[in-house]
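J.: Using only what follows, build the 3D model:
(one chain, ligands or ions: 2)
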Amino acid sequence: MKGPIIREISITPIAIVDPPLLNAAGLHAPYALRTIVEVITDDNIRGISEIPGNIETEIALEKAKEVIIGKDPFQLNQIKDAIENHFDKETTAQRGDAPWDQRKIVHVFSALEVACLDIIGKIQGRPVVDLLGGKRRDRVPFAAYLFYKYEGAGGHLGFKTDSNTSGWDSARQAEAVTPEGIVRQAIAMVKAFGFKSIKLKGGAFEPQQEVDAMKALFAHFGKDVPLRHDPNAIWELETAIAYGRKMEGILEYFEDPVRGQPNMSKVRKALKMPLATNMCTTSFEDIPQSIAIGSEDIILSDHHFWGGLRSSMELAKVCETFGRKLSMHSNSHLGISLAAMVHLGAALPEIPYALDTHYPWQSDEVILGGRIKFEEGAVSVPTEPGLGVEIDREALARLHQNYIACGLTKRDDEVEMQKVNPEWKFKAVRW
Ligand code: GKR
Ligand code: MG
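T.: Numbering: from 1, shown residues only. Ligands and ions are numbered 1, 2, ... in the order given. Now for the predicted structure:
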C-alpha cells in the first residue's frame, strides 16, 4: 500500500515577547526565539511542531530536507536513521554550559518527529497521545515557575502596562529581586493559573538571598505546596552542600545545584533530599554513568532535547528500571510545544512531579483560538486528531516579522545582561 510522502518542510523562525528574566547565564532578551516547523505531505496534510529558535538549528533543518523530503511520515525509524547518517554525531559535551541545551540534531529530529506524529494522528483520526500508547490521565499538571527579574530591562511585554495593570500582568511586569518580591510573584502566578507546586529559577543572586526566598515561600505557602530551587549548576560543591542543608525539609527537590554528574552524586550523598537534573543527565549516553555513580533522583526530560516524544517514552522505561523519577523541563515557549508536552505527559506511566512550563511568562501565541487555558494548574489533554492545535497564519506572519525586526538569531543571555551591567561575565561556576 502506498503511504503518504513528505512533499515539503517549511521552517519559520519567530520572536515572541519575553520579560527580562534572570538566570545563571544572564538575562532573557526582550524576545525569545522559537522555530515553527511544518511538514506537508503530497496530499496536503500538514503536521506542525515548535522548537527553540537558533539559526544553526534552522540551517541544519534546511539541510535535513535533502534526506527527508520524499519519505513516508509514518516511517519514523527511517527518518531518524536518515538524520543520524546525514549529520556528524553529536555528543553530550555539545549541549554546552548554558542552562539550555545547545545541540542541533536532537532539535532537528524532535521537530520532524512531532510534526510527523501530528500528520499520523490526523490521518488516523487519533490524538498524538494515542500514538504514544494512549492516555493515562485527562489533565496534565504543571508547576509555577518563578524568576528573579528586573523591572525596566528588556522590551515591552505585549500587554498594556500602566498603573491599572493588576493580577498576574502586574506581577509579570514588576521587579522581583527580594524574597518578598518573589513571594508576591508566586501569589499572583498561583492565583492566576492554580498551580500547586512552585519552582524558583536560581543562580541569579548570592546563595543566601535565594535560600531566604525559598524560606519565605515556605513560610507563606506551607508544607502542602512543594517547592523546588534550580541554580543551574552555578554553585561550588561546598556551597551546594552548605546552602542545600539550609533547605532540607522545605524543598521537594533540589535541581542542578552543581555542575556534572560526579559533583551531583556527592551533593546527593550529602543531603537528605532528592536531586533533579536537566543539565548533567541529558541524553541516553549519560545514563550508564548516572546509574553507576547515582547523580540524581529525577531526570527532567524535554522532548526537544531527548529526540522527541517516543524517545521520551523510552526514557520513562529506563527511569522506571533504574529507580529514577521522570519529570519535564521547559524553556520560553508557545502552545505547539505545550500541546506536545501535554500529549506526552498524558501518556507517561506516572507524573510524580508537576511539570515545568514558562508559558505564563509569554503573552504571544501562534495557534488558532489563542492561549491555552490552565485549570487548577493543569492542562486538559487535547482529543482532536494529531496535536489538536493549528497555526494561526496571521499570528505566524506577525511573529516572523518580529524575528526579522529584532535582529536576534540565537539566545545569548550574557550579551543581554551586559546591556544592563557591562562588566558582567558568564561563569560556569560562580559561588
Ligand atoms: O529560561 O532562563 C531560563 C531557564 O534558565 C532555562 O533556560 C533553563 O533551561 O528552565 C531551564 C532549567 O530548568 O534549567
Ligand atoms: Mg533546570
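J.: isn't there a helix covering His220?
T.: Yes: residue state for His220 (DSSP: H, G, I helix; E, B strand; the rest coil) corresponds to a helix.
J.: For it, which non-adjacent residue is spatially closest?
T.: Counting by CB to CB, 6 or more residues apart in numbering, the nearest residue to His220 once its immediate chain neighbours are dropped is Val183, at 5.1 Å. Glycine gets a C-beta too; all of them are placed from N, C-alpha and C.
J.: Isn't the one you found up against Lys215?
T.: No: with contact defined as CB atoms under 8 Å, Val183 and Lys215 do not form a contacting pair (10.2 Å).
J.: more crowded one of these two?
T.: When Val183 is set against Lys215 and neighbours are counted by other CB atoms under 10 Å, the residue ahead is Val183, at 19 against 15.
J.: which residues in this protein form helices?
T.: Residue ranges of the helices in the chain, as given by DSSP state H, are 55-68, 76-86, 105-124, 128-131, 167-173, 179-193, 207-221, 237-246, 261-270, 287-293, 309-321, 335-347, 393-406, 413-420.
J.: Would you mind giving those helices as TSV with mean pLDDT added?
T.: TSV is the format used below for the helices of the chain (pLDDT from 0 to 100):
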stretch	mean pLDDT
helix 55-68	98
helix 76-86	97
helix 105-124	97
helix 128-131	98
helix 167-173	89
helix 179-193	97
helix 207-221	98
helix 237-246	98
helix 261-270	98
helix 287-293	98
helix 309-321	98
helix 335-347	98
helix 393-406	97
helix 413-420	93
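J.: would TSV of the ones you listed with distance to Phe147 be doable?
T.: TSV is the format used below for the helices of the chain (distance: least, CB to CB, whole Å):
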stretch	distance to Phe147
helix 55-68	24
helix 76-86	34
helix 105-124	23
helix 128-131	30
helix 167-173	10
helix 179-193	8
helix 207-221	11
helix 237-246	19
helix 261-270	23
helix 287-293	28
helix 309-321	25
helix 335-347	18
helix 393-406	21
helix 413-420	12
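J.: Which of the ones you listed sits closest to ligand 2?
T.: Closest to ligand 2 of these is helix 261-270 (CB to the ion; 12.1 Å).
J.: Buried deepest among the helices of the chain, which one?
T.: Of all those, helix 335-347 has the most neighbours on average by mean count of other CB atoms under 10 Å, namely a mean of 26.
J.: Report the contact partners of the residue nearest the centre of the chain.
T.: Nearest to the mean C-alpha position of the chain, by CA atoms, centre = their mean, lies Ser330 at 1.4 Å. Ser330 makes contact with 145, 302, 337, 341, 355-359 under the criterion CB atoms under 8 Å, 6 or more residues apart in numbering.
J.: what does this structure put close to ligand 1?
T.: 21, 23, 28, 99-100, 201, 230, 232, 278, 329-332, 358 (CB under 6 Å from any ligand atom).
J.: circling back: so which of the contacts of Ser330 wins on neighbours?
T.: Taking other CB under 10 Å as the neighbour criterion, Thr357 ranks highest of the contacts of Ser330 with 30 neighbours.
J.: Can you give me the pLDDT of that one?
T.: For Thr357, the model assigns a pLDDT of 98.
J.: Ok, Leu157 next?
T.: The predicted local distance difference test score for Leu157 is 52.
J.: ok, back up a step: any chance of the contacts of Ser330 in JSON lines with distance to Ile16 as columns?
T.: JSON lines is the format used below for the contacts of Ser330 (distance: CB to CB, whole Å):
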{"residue": "Tyr145", "distance to Ile16": "16"}
{"residue": "Asp302", "distance to Ile16": "18"}
{"residue": "Ser337", "distance to Ile16": "11"}
{"residue": "Met341", "distance to Ile16": "17"}
{"residue": "Leu355", "distance to Ile16": "20"}
{"residue": "Asp356", "distance to Ile16": "17"}
{"residue": "Thr357", "distance to Ile16": "14"}
{"residue": "His358", "distance to Ile16": "10"}
{"residue": "Tyr359", "distance to Ile16": "11"}
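J.: between those residues, which is nearest ligand 2?
T.: Within the set of those, Asp356 lies nearest ligand 2; the separation is 7.5 Å, counting by CB to the ion.
J.: Against Leu61, how distant is Gln289?
T.: In this structure, Gln289 and Leu61 are separated by 31 Å, where distance is defined by CB to CB, to the nearest Å.
J.: sorry, back to before: turn the helices of the chain into a markdown table, including distance to ligand 2.
T.: Written out in a markdown table, the entries for the helices of the chain read as follows (distance: least, CB to the ion, whole Å):
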| stretch | distance to ligand 2 |
| --- | --- |
| helix 55-68 | 20 |
| helix 76-86 | 26 |
| helix 105-124 | 17 |
| helix 128-131 | 25 |
| helix 167-173 | 21 |
| helix 179-193 | 17 |
| helix 207-221 | 14 |
| helix 237-246 | 14 |
| helix 261-270 | 12 |
| helix 287-293 | 16 |
| helix 309-321 | 16 |
| helix 335-347 | 15 |
| helix 393-406 | 26 |
| helix 413-420 | 14 |
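J.: out of those helices, nearest to Val17?
T.: Nearest of those to Val17, taken as CB to CB: helix 393-406 at 7.8 Å.
J.: For the closest one, what is the distance to the chain centroid?
T.: Centroid separation for helix 393-406 versus its chain: 22 Å, with CA atoms, centre = their mean, to the nearest Å.
J.: relative to its centroid, which residue of this protein is most remote?
T.: Farthest-out residue of the chain from its mean C-alpha position, per CA atoms, centre = their mean: Met1, at 38.7 Å.
J.: can you pull the contacts of that one?
T.: Applying CB under 8 Å, 6+ apart as the definition, Met1 turns out to have no contact partners.
J.: just Ser327 next, same as before
T.: Applying CB under 8 Å, 6+ apart, the residues contacting Ser327 are 276, 298-301, 351-356.
J.: what do you get if the cut-off is 6 Å, keeping everything else the same?
T.: Shown here is Ser327, whose contacts under the criterion CB atoms under 6 Å, 6 or more residues apart in numbering are 298, 300, 353, 355.
J.: Just give the closest residue to it, not the sequence neighbours.
T.: Among residues not flanking Ser327 along the chain, Tyr353 sits closest, at 4.3 Å (CB to CB, 6+ apart).
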